[in-house]
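Novice: I need the structure of the sequence given here:
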Amino acid sequence: MAKKKGIPVSKILEVVQDVQSASARSDEQVKVEVLVGDGAHPEHVQALKKAFVPETAKASVLVWDLASRAQVAPDADTDLVVIAVGTQGREAAQVALRCVEEEDPVPCALVVPTALEAPHITEGAEQYIDIVAATESDAVMEKLAESISHSPERILLARSFPFCRKAVASALIQESALANAGVGAIAFIPNADLPVMLATQEKLALDLMNVYGKGISAQSAVDLAMVAGAGFAYRALARSVSKAVPGLGWALKSAIGFGGTVISGKGVEAHITGELPIDPSSISFTMPDFRHAKVEEDGKEEEPIIIPLLSQGAQTDSGDSGYIEIG
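Specialist: Coordinates of the predicted model:
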């Protein structure tokens, strides 16, 4: 009788290390520079005011007028630069280029009404510079959140700025699902895919907790246990279905690995945000298309920091957050 294989010790240790990393990440600082150009659209200014109000004391926001920073590189510890371009396209391009030229390039988002009004970006710099083209405040925030979801420090940014949490969570879930789909498709050794997929899903759960500002707690244990239990259930389903459809097992395992990771990720997210129970019809994802495949047979927190740094002579309304008032 074949001996049943359990989860390798190396994968258990990997999950433990992920827990420790998630705990350490929650103490890291994040810094955003917001630059507002002359003639910036009022809706853009309003969007940035709403978006960059930190929820944690681990975040700081520096607010500048664009002209004062055109010849200055971003601070070494800056994680994101956002520019409301206005009529200062040349200055915005200079700042964006300085972000890219840093030893560790700083992601930069240029907010403009339309793509036609975006400043010219030097070829090769596009991977660090996003054009956020929208007019209305809500649309700006939505596109900016999507931009942040691809940033290296997206988890820290989402933890401090709630407006981008959904977008970052969706990106993390999609990437983990694609990784597990690949594992399901290429695993040649029986049972070898399960520990790898479980480790990916557990890391995803920890990342989602950090995105939503949740520390390691009793709830974390519930979420991790839920992910592990779901992983074994998906594995059992994959075995049953692959036996029922000979010759297409790899494709079915890949599809179940993808879909199972999405459902587990959405479940953890719903538990964290208090949205349980989950309505299955609200969970949407794209399964790999196998329609053309041939089958042989059928405590009290500190206050966050917002530092307005305006050029000499810039005016703000009384009681304002330090953003330049347009018009």
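Novice: neighbours of residue 261, how many?
Specialist: Using other Cβ atoms under 10 Å, residue 261 is surrounded by 30 other residues. (C-beta placed from N, C-alpha, C; glycine too.)
Novice: how much space is there between the closest residue in space to it that isn't next to it in sequence and residue 254?
Specialist: Leaving aside its chain neighbours, residue 261 sits nearest to residue 177 (4.1 Å; criterion: Cβ to Cβ, 6 or more residues apart in numbering). As for residue 177, its distance to residue 254 is 10 Å (criterion: Cβ to Cβ, to the nearest Å).
Novice: kindly report the same for residue 148.
Specialist: Residue 148 is 29 Å from residue 254, where distance means Cβ to Cβ.
Novice: please apply the same query to residue 211.
Specialist: Residue 211 is 26 Å from residue 254, by Cβ to Cβ.
Novice: where does the stretch 51-200 of the chain have low pLDDT?
Specialist: When residues are selected by pLDDT under 70, those of the stretch 51-200 of the chain lie in 124, 184-193.
Novice: that one: helices as residue ranges?
Specialist: Using DSSP state H, counting those that start in this stretch, the helices of the stretch 51-200 of the chain run over residues 89-101, 137-148, 154-160, 165-186, 193-211.
Novice: turn those into JSON lines, including mean neighbour count.
Specialist: JSON lines is the format used below for these (neighbours: other Cβ atoms under 10 Å):
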{"stretch": "helix 89-101", "mean neighbour count": "20"}
{"stretch": "helix 137-148", "mean neighbour count": "21"}
{"stretch": "helix 154-160", "mean neighbour count": "26"}
{"stretch": "helix 165-186", "mean neighbour count": "21"}
{"stretch": "helix 193-211", "mean neighbour count": "24"}
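Novice: and of these, who's closest to residue 61?
Specialist: helix 154-160 (9.1 Å; Cβ to Cβ).
Novice: what is that closest one packed up against?
Specialist: strand 30-36, helix 137-148, helix 165-186, helix 193-211 (3 or more Cβ pairs under 8 Å, 6 or more residues apart in numbering; DSSP states H and E).
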